[in-house]
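> I'd like to go over a predicted model; first the sequence, then the structure.
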Amino acid sequence: MIEQDVLDTGLGDADDDDFDHDVAFDSQLPDDRYLDRELSWLAFNQRVLELAEDPTLPLLERANFLAIFASNLDEFFMVRVAGLKRRILTGLAVATNVGRAPQDVLADISAEAHRLQLRHAETWLTQVQPGLVAEGIRIVSWNDLTAAERSTLTDYFHDQVFPVLMPLAVDPAHPFPYISGLSLNLAIRIRNARTGRQEFARLKVPPMLPRVVEVSRDESGARYLALEDLISNNLGDLFPGMEILDQHAFRLTRNEDVAIEEDETENLIQALEAELLRRRFGPPIRLEVGLDMDEVTLALLLSELGITEQEVYRLPGPLDLRGLFDLSRVDRPDLRFPPHVPTTAMAFQPGDNNEKTDIFAAIREGDVLVHHPYESFATSVQAFLEQAAKDPHVLAIKQTLYRTSGDSPIVQALIDAAEAGKQVLALVEVKARFDEAANIVWARKLEKAGVHVVYGLVGLKTHCKLALVIREEDGVLRHYSHVGTGNYNPKTSRIYEDFGLFTIDGEVGRDLTRLFNELSGYAIEKKFKRLLVAPLHLRKGLLRLIERERRNAVAGKPAGIRIKVNSMVDEQIIDALYRASQAGVKVDVWVRGICSLKPGVPEMSENITVRSILGRYLEHSRIFAFHNDGDPMVYIGSADMMHRNLDRRVEALVRVVAPGHVAELIALFDRAMADTTSSWWLGPDGEWARHRTSESGKPLVDLQDRTMTSVHRRRRARAVR
C-alpha cells in the first residue's frame, strides 16, 4: 500500500509523540463544532440558484444555472439521499458528525429540498421565463399555436416522435411498467369507448429527442414548444378509439449509486458491468409531479412505486428543468457572458517567427504552472501529450485517466504513442461515478491499441491527476512530469478552473515513477520527496503542516494557513484548523461546495474565514498554502478534505517551489479573500451571505473576470518586451 517517508517531505521536525498528544485535546472542543454535510451541500446548490436569481447576469446564463441546479439536485438524491436511506433501512446508519439521528437528518433534507425545488420552479416561472419572453424567446403552449403551426408540428410528431413512442397499458394482462430513473413520463387515464372502463397507461417522453421543438423564428425572436406538450396533445393517435380523460407529467429518481464488492481475485470490469445493470433498477427515492395531478393518479403511482408522501415533490410549471440546457442552441450572444478566450501560457507561446512551440524545451527552462481555463488546455496539457506521442526520443508515457470526453484527443495521443512503439501505461479509473460505462469503453479501446491498461488498487479509487513522459536525451533518461488538480478532459477544461504543474525536476519524476509502479504492479513505496500521497500519509502530512503553524503562532512567529478545496468535511483536518485558530493562526478557507467547519465561533474559530466563489467557471483547483515562518510551503493537487479523498482514494499533492508560482497562488488567494471581491461568506450558524455590492451599491470585483484580465495583461506585456 502507498506509504510515505515523512522526513522526505520536510515535515519531520515535529516530534510524533508531541503531535499525537496535541491531537488528544480534541475533547476540549465543543460537541456541536461541525455543520451537517448534507445540509451544507444543499446550501451550496442554493448558491447556484442565487446565480439564476441574479438580475445582473445574462438571461441565458441564468437559465443555464437553473439547469445546473436541477442536475446537481438529481445527483444529490441519487447518491447522498439514496445512500442515507439505504443505511437506515439496513440498520447501518449511525449518528452524523453533528450528533443527530440519520432519520432526523433525512427529514431536514426533505424539508429543505422541498423548499429549494419550489424556489427553483418559481425562479423560472416568475423571473427567467418572463425575462426571456421580453427578449423574444418564448416557450409556448399548444393553445398558443395557430392552426398552421399545429399542422406543421403534428407532421413533425408523426415523422420524428410517434415512431419511437411506446405506450404501456396497465391492466390485469399488463403489470405496472418499470419506470426508469430521471425519465420524464406521462400518466394517462383513458376510457374504453366500447366497455366504458377506465384504464391507465404510462408513456415515456423519449430522452434522445430535443426537449424543446422550434415552432418559429424571425427577426423578433424564436418560439419553442416543450416535447411533452407536443406529445400530450397528440395522444389520440396513440390510443385510437379511446377517450383521453386526463394526463399528467411525472418524474422518478432512483438510487443510482454503485457499490462494488471487490476482492483480490474477481475481474473488476465484469463486477462493475454487472453493478451498472443493477443500477437501473435501484429503489425509488423521489417522485416529482405537477401541481395539477389528481389524487387518483397520484395514489396509483404511490402504491405501484412504493413511494411515501414525504418523497413526493409537487411542483408548478414544467418538470425536469435540465431541459433548459437545450437553450444553449439559441444564437443570442447578447444574452450570454462576454466571451473569454483562453490564452496560451507564456512559457508555451510560439517564438518570434510563430514557429511551433517545443513543449519539452519550455519545461527544461523551468517549472511551468498553467491556470485553466484562463490558459489553454489544448496548447499545454494536450500539446504535451501529443508531442510526446510523436517524439522519437520519448520512450514511455504513463498517465492516470479519471474522467475524459468521448472524443478525447488525450486518449488518441496515448493510442498514437502505443502504435508508434512506445511503452504506454494508462490507469483508467473505471469507478468514476456516472462515467463508469464510458470509461470501460475507452479502456478497451486503449487495450486494443496496445496500451497497458490497469484499473488501480482494490478498494481504492485512483483520483490523482498525473502524467509522466520518459525521454532519452544524450544518453540520459529525463522525466517530464505533469501534476494537475483537474481531469484530463478537454471539454470540461473550458469551464473548470484548475491548475497544472509541468516540471523536469528529478525528484518529482522519481516520485511519479514510484507511484505508477505501485499502481500498476506490486511495489510497496515508502518514499516520496515532493509529493504528499493518500491514502496513508496525505492527511498526516497536512496535519503536521497545520500543527507547525500552530506551534509557530504559540512561539510568537508569523503564521498563516490558506486552503482552497471543493469540500471541507474531514473532522481531523477541521479540528486541527480549530486548534490553529485558538493559537492565533489566521486561517483562510476558500470552498466551493460543502463546508462542515464553523468559522467565527469565539474561543474556537474566530481566526477562521470561509468564503465561496461561484460564477461562469466551476472553481475546481485545490491549493494548500502554509506561511512556514516566511518560507511558504504551497501544494496543489487533486484531494478535497473529505473522508473518501483521504482514506479511500489515491490522491497526490505536489509542492510548488518556483518563487514566481508561489507568489501567483498567494496573490490569487489575496484577491479571493478580499472584502472587495464578490463572494459568499459563511457565518458561524451555517448560513451563507452573498456579498456582491459595496456599501455604496457599486458591484464588487468578479474574481474570474479579473483573473482572465490579469492573464491577458501578462501576455500583452510579454509581447511588448
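Received it, and whenever you're ready, just let me know what you need.
> tell me which element residue 686 falls in.
Counting by DSSP states H and E, no helix or strand carries residue 686.
> nearest residue to it in space, please, no chain neighbours.
residue 35 (4.6 Å; C-beta to C-beta, 6 or more residues apart in numbering). For the C-beta atoms, the positions are set from N, CA and C on the backbone; glycine is no exception.
> what is the burial count for the one you found?
Other residues near residue 35 number 24, with proximity taken as other C-beta atoms under 10 Å.
> contacting residues for it?
Counting by C-beta atoms under 8 Å, 6 or more residues apart in numbering, residue 35 touches 98, 595, 596, 597, 598, 686.
> rerun that using 10 Å as the cut-off
Residue 35 makes contact with 43, 97-98, 568-569, 574, 594-598, 682, 684-687 under the criterion C-beta atoms under 10 Å, 6 or more residues apart in numbering.
> same check, this time on residue 282
Neighbouring residues of residue 282 by C-beta under 10 Å, 6+ apart: 78, 82, 86, 181, 253, 254, 255, 256, 257, 258.
> and if we set it to 8 Å?
Contacts of residue 282 by C-beta under 8 Å, 6+ apart are 78, 82, 181, 254, 255, 256, 257.
> can I get these in a markdown table with neighbour count, pLDDT and distance to residue 712?
Converted to a markdown table, these look like this (neighbours: other C-beta atoms under 10 Å; pLDDT from 0 to 100; distance: C-beta to C-beta, whole Å):
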| residue | neighbour count | pLDDT | distance to residue 712 |
| --- | --- | --- | --- |
| 78 | 23 | 91 | 40 |
| 82 | 21 | 88 | 44 |
| 181 | 20 | 89 | 44 |
| 254 | 22 | 89 | 46 |
| 255 | 21 | 85 | 46 |
| 256 | 22 | 74 | 42 |
| 257 | 18 | 61 | 42 |
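> what about the residues you listed, which are in helices?
Taking DSSP state H as the definition of helices, the contacts of residue 282 contribute residue 82.
> pLDDT wise, what is the residue nearest to residue 686 at?
As predicted, residue 35 sits at a pLDDT of 95.
> measure stretch 616-628 end to end?
34 Å (C-alpha to C-alpha, to the nearest Å).
> where does pLDDT dip in the protein?
1-27, 92-98, 171-174, 257-281, 352-354, 404-406, 430-439, 456, 522-526, 715-721 (pLDDT under 70).
> got the domain ranges for it?
25-32+533-720, 39-335, 346-529 (automatic domain parsing).
> returning to what we had before: mind checking which of the contacts of residue 35 are buried?
For these, a burial check counting by 16 or more other C-beta atoms under 10 Å picks out 43, 97-98, 568-569, 574, 594-598, 682, 684, 686.
> what about these, which are in helices?
Using DSSP H, the buried ones among the contacts of residue 35 in helices are 43, 574.
> just the buried ones among the contacts of residue 35 now: which is nearest residue 139?
Distance to residue 139 across the buried ones among the contacts of residue 35 (C-beta to C-beta) is lowest for residue 43, with 29.8 Å.
> is the closest one in contact with residue 683, as I believe?
No - taking C-beta atoms under 8 Å as the definition, residue 43 is not a contact partner of residue 683, at 11.1 Å.
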